[in-house]
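Colleague: Fold the following, please.
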Amino acid sequence: MRIAVEGILMRTKEPAPIVYVVDDDPDVLKAIERLLESVGLEYATFPSPRQFLERYDRDAAGCLVLDLQLPGLSGLELQGMLEEQASQLPIIFLTGRGDIAASVRAMKQGASDFLTKPVDDALLMATIRDALARDQSLRAARVERERIAKRLATLTERERQVLEHIVAGRLNKEIAAELGTAEKTIKFHRANLMRKMDVRVVADLVKLAERAGVGSTSKT
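Modeller: The predicted structure follows:
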């Protein structure tokens, strides 16, 4: 298990999601540590956002349990900093006050949940597991987008143009007329791009292209 020792992560060989906890109340940190330990989840605890920013592993899977009211850098400010870093780490906010305005702002900025202290252990664990599942889903989607992007990068400029027209629903003869070439040439490009994209049917090709944001036609 990965155990937090004064905010330092002790790593095991097998990667596992980490539950990061940031709270300036040592009693809260200790209570959450005991809870996470009891269910076998790896964790790292920090008494301040600054220490968290210095120590957390940006590539590790996990989620963040974050106190809203913190001295110096607030929980909302830390959320904003992570957003600026393009972090998709799911955040669960904890607060001792029922601050509705802050909770609305946090959720609009992408927080996974907002819980009021003292929080029930079962509720906190259910929320953490939901956040970890969300993180896993986001990471899988990012890997898929990167995989598609690598395949798209192998296409020639003409193949990319043909792809855009295919996604727009045009037939080979329509694409040929649009690009000013022969239909058999379009068929050749179409076969090549399907091979490079590693798909066998047009429906799958269109799905991959749409996931990568390919959808607008280009004219030459």
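
Colleague: Phi first, then psi, for Ser74.
Modeller: With angles defined as degrees, to the nearest 10, Ser74 sits at phi -80, psi 170.

Colleague: From here on, call the first residue 783.
Modeller: All right, first residue 783 from here; so that's Ser856.

Colleague: Could you check how far it is from Gly862?
Modeller: To Gly862, Ser856 is 9 Å away according to CB to CB, to the nearest Å. The C-beta positions use only the backbone N, C-alpha and C, and glycine is treated the same way.

Colleague: Give the burial count for the closest residue to Ala994 other than its chain neighbours, as a bare number.
Modeller: Nearest non-adjacent residue to Ala994, counting by CB to CB, 6 or more residues apart in numbering: Ile930, 4.6 Å away. Ile930 is flanked by 20 other residues according to other CB atoms under 10 Å.

Colleague: If you drop the residues flanking it in sequence, what lies closest to Leu975?
Modeller: Computed as CB to CB, 6+ apart, the closest residue to Leu975 that is not its neighbour in sequence is Glu941, at 4.3 Å.

Colleague: oh sorry, the question was meant for Gln870
Modeller: Excluding its sequence neighbours, the residue lying closest to Gln870 (CB to CB, 6+ apart) is Leu920, at 4.8 Å.

Colleague: Would you state the secondary structure element containing that neighbour?
Modeller: Assessed by DSSP states H and E, Leu920 sits inside helix 903-934.

Colleague: my guess is Phe850 meets Leu858, correct?
Modeller: Slight slip there: residue 850 is Leu, not Phe. Yes: here Leu850 reaches Leu858: they are 6.9 Å apart, a contact under CB atoms under 8 Å.

Colleague: Between these two, which has more neighbouring residues?
Modeller: Leu850 (24 against 20).

Colleague: Check what pLDDT the residue of the chain most remote from its centre gets.
Modeller: Distance from the C-alpha centroid of the chain, by CA atoms, centre = their mean, peaks at Ala964 (43.0 Å). What the model reports for Ala964 is a pLDDT of 94.

Colleague: Now it: closest residue in space, sequence neighbours ignored.
Modeller: Closest to Ala964 by CB to CB, 6+ apart is Ala958, at 6.0 Å.

Colleague: picking up where we left off before, burial count for the residue nearest to Gln870?
Modeller: Neighbours of Leu920 (other CB under 10 Å): 14.

Colleague: And the protein, split by domain according to the record?
Modeller: The chain breaks down into these domains under automatic domain parsing: 786-930, 936-993.

Colleague: Give me the mean pLDDT for the longest one.
Modeller: Same thing as domain 786-930. Domain 786-930 comes out at a mean pLDDT of 85.

Colleague: Centre of the chain to that domain, how far?
Modeller: 14 Å (CA atoms, centre = their mean, to the nearest Å).

Colleague: circling back: other SSEs contacting whichever strand or helix holds the residue nearest to Leu975?
Modeller: Using DSSP H and E, Glu941 maps to helix 939-949. Secondary-structure packing of helix 939-949 (3 or more CB pairs under 8 Å, 6 or more residues apart in numbering; DSSP states H and E): helix 954-961, helix 965-978, helix 984-993.
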